[in-house]
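In: Build me a structure from this.
(2 chains)
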There are 2 protein chains.
Amino acid sequence: MTTIDHASPAPAPRRIRRMSERQTTDRAALFELLDTELVGHLAVAADGVPVVVPMGYARDGEYLLVHGSTGGGFALRAASEGRTVAFAVTALDGLVFARSLFDSSMNYRSAVVYGVLEPVEGDAADAALLALSERLMPGRSAEVRAMTRKEIAATRVLRLRLDDVVMKTRAAGASEAADDGEDHSVWAGVVPLARAWGAPEPSVLTPAGTPTPESVVALTTTAAHHGRLH
Amino acid sequence: MTTIDHASPAPAPRRIRRMSERQTTDRAALFELLDTELVGHLAVAADGVPVVVPMGYARDGEYLLVHGSTGGGFALRAASEGRTVAFAVTALDGLVFARSLFDSSMNYRSAVVYGVLEPVEGDAADAALLALSERLMPGRSAEVRAMTRKEIAATRVLRLRLDDVVMKTRAAGASEAADDGEDHSVWAGVVPLARAWGAPEPSVLTPAGTPTPESVVALTTTAAHHGRLH
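Out: Take a look at the predicted model:
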């Protein structure tokens, strides 16, 4: 069947494990995944109930960066309480059409990072905000005014170390064998999935004729940067 | 900044709320989201730690369906233990380029469903497996052999009632005002994001010349079915 839940997490008791012998290889694959996706899901356990919030993020070296306003926020509470969080990033890369529903599947890459969110303070916070912006909208920071002190003060950056990570990948064709008894005249294969950026839509107050900025042009003409067609 | 974590969950203590006065309107939007996405994230709390697994799913009326093998599995454990789970589905619909990094954002639709997974048994399980297949790969079940009793016996279907749901949406242009002091000669706007299915890739054992099946043709020619370009 078409599911990716065969990728179960590590068994009890702790259900968290470091990448082991595939650490080196997986590190590159992990970074590639994290550097092409834009949104993850942050989960925190509260009184036995998991609470999940989708969130933009960026990888900066050995950390994931997220941010929230100082007014409150889910991630900030989790950080201040020192709770272990999970941050999940998944890319769906294709549907796998096998010759049976049972063997049909999805190609995907998934990483779940476990750890405690740490506040980023001072000059490091400024650098982290810039890193977030450059990852999510490369080049945009040079096109707009600098952040004001008030804006910076109203933003908290948190980081999560890429230490305890469960990464799963399926990147293969349909399961099949010459002697599996299936009718091979039935088409089997993979339909790849990628992202497509649409035509930029200027805002109401953008004067007619204002050129589309380089950051937007780069985004919409380099789809490979934010997706994979393979 | 480019984030969607402003969409905080409901405040403590329970952090779960039903859709209130927007129930009717949101129901249609909720179903649209759930019927266009293919993968969600299932979260369970275990000893204060949230564990998250990405998982294919399908909506069937007032329920989400997921499945796992009988050999074990994360969802099955959560169901058998009666734990409250969270199942999160998010669609990233675009990047919002404001005239400041602070006001830049993402357009998205997100639903987090809270509840206890229930096993689906007997004839209902057969129907649920078919519903899962038809949602994820419409038409495919008619192109391949029927599932065997052994395959059906090896698969457990679980359902999660669409009752306690937190849905958040941002679907708007860049924040701006005529008197906001920003330089309006700077382009602001939205870059929409959608899915793109690539060319089908036949498996090694699919004989040359085997026609691409209708299910795959339909998938790859009706991109709107599985994504939005708007």
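
In: From the contact counts, what lies against the host helix or strand of A:Arg156?
Out: A:Arg156 belongs to strand A:155-161 when elements are defined using DSSP states H and E. Strand A:155-161 sits against strand A:63-69, helix A:74-80, strand A:105-116, strand A:118-120, helix A:123-136, with contacts defined as 3 or more CB pairs under 8 Å, 6 or more residues apart in numbering or on different chains; DSSP states H and E. In short, each C-beta sits where N, CA and C put it, glycine included.

In: ok, the shortest one near chain B or not?
Out: No: in this structure, strand A:118-120 remains apart from chain B according to CB under 8 Å from any CB of the partner chain; the gap is never smaller than 13.3 Å.

In: What's the mean pLDDT across that strand?
Out: Taken as a whole, strand A:118-120 carries a mean pLDDT of 94.

In: Can you give the strand pairings for that strand, parallel or anti for each?
Out: Using DSSP bridges, the strands paired with strand A:118-120 in its sheet are strand A:155-161 (antiparallel).

In: Then the third one?
Out: When pairing is defined by DSSP bridges, strand A:105-116 lines up against strand A:84-97 (antiparallel), strand A:164-170 (antiparallel).

In: Pull out the buried positions in that strand.
Out: A:Ser105, A:Met106, A:Asn107, A:Tyr108, A:Arg109, A:Ser110, A:Ala111, A:Val112, A:Val113, A:Tyr114, A:Gly115 (16 or more other CB atoms under 10 Å in any protein chain shown).

In: Output those as CSV; include the columns pLDDT.
Out: Listed next are the buried residues of strand A:105-116 as CSV, based on pLDDT from 0 to 100:
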residue, pLDDT
A:Ser105, 92
A:Met106, 93
A:Asn107, 94
A:Tyr108, 93
A:Arg109, 93
A:Ser110, 93
A:Ala111, 95
A:Val112, 95
A:Val113, 96
A:Tyr114, 96
A:Gly115, 96
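
In: quick revisit: may I see the strands paired with strand A:105-116 organised as CSV, with mean pLDDT added?
Out: Formatted as CSV, these follow (pLDDT from 0 to 100):
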stretch, mean pLDDT
strand A:84-97, 96
strand A:164-170, 92
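
In: So what would you say the end-to-end distance of stretch A:138-146 is?
Out: One end of stretch A:138-146 to the other measures 15 Å (CA to CA, to the nearest Å).

In: Pull out the buried positions in it.
Out: A:Pro138, A:Arg140, A:Ser141, A:Glu143, A:Val144.

In: how about low-confidence regions in chain A?
Out: A:1-25, A:69-72, A:223-230 (pLDDT under 70).

In: run the last query once more with 90
Out: Within chain A, the segments meeting pLDDT under 90 span A:1-26, A:46-48, A:67-80, A:122-123, A:149, A:152-156, A:170-172, A:175-184, A:220-230.

In: starting at the chain centroid, how far to stretch A:45-57?
Out: Put simply, stretch A:45-57 sits 15 Å off its chain's centre (CA atoms, centre = their mean, to the nearest Å).

In: coming back round to it: contacts for the strand holding A:Arg156, please.
Out: A:60, A:62-70, A:73, A:75-76, A:79, A:85, A:87, A:113, A:115-120, A:125, A:128-129, A:132, B:1, B:102 (CB atoms under 8 Å, 6 or more residues apart in numbering or on different chains).

In: Mind doing that once more with 6 Å?
Out: A:63-68, A:70, A:75-76, A:79, A:87, A:113, A:115, A:117-120, A:125, A:128-129 (CB atoms under 6 Å, 6 or more residues apart in numbering or on different chains).

In: A:Thr212 and A:Pro200 touch, don't they?
Out: Yes: counting by CB atoms under 6 Å, A:Thr212 touches A:Pro200, with 5.5 Å between them.

In: Now the strand holding A:Arg156 - C-alpha only, PDB.
Out: The C-alpha coordinates for strand A:155-161 follow below in PDB (Å, rounded to 0.1, in the frame of the first residue of the first chain):
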ATOM      1  CA  THR A 155      12.100  38.200  17.500                       C
ATOM      2  CA  ARG A 156      13.700  35.300  19.300                       C
ATOM      3  CA  VAL A 157      15.800  32.800  17.500                       C
ATOM      4  CA  LEU A 158      16.100  29.200  18.700                       C
ATOM      5  CA  ARG A 159      18.400  26.500  17.600                       C
ATOM      6  CA  LEU A 160      18.300  22.700  17.700                       C
ATOM      7  CA  ARG A 161      21.500  20.800  17.300                       C
END
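
In: so how far is it from its chain's centroid?
Out: 15 Å.

In: got the angle between it and helix A:123-136?
Out: 80 degrees (axes from the mean of the first three to the mean of the last three CA atoms, to 10 degrees).

In: Tell me the buried residues in strand A:155-161?
Out: Those would be A:Thr155, A:Arg156, A:Val157, A:Leu158, A:Arg159, A:Leu160, A:Arg161, for strand A:155-161 by 16+ other CB under 10 Å.

In: which one among these gets closest to chain B?
Out: A:Thr155 (6.5 Å; CB to the nearest CB).

In: picking up where we left off before, I'd like the helices and strands packed on strand A:155-161 as TSV, with distance to B:Leu219 appended.
Out: What follows is those, written out as TSV (distance: least, CB to CB, whole Å):
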stretch	distance to B:Leu219
strand A:63-69	33
helix A:74-80	36
strand A:105-116	13
strand A:118-120	43
helix A:123-136	30
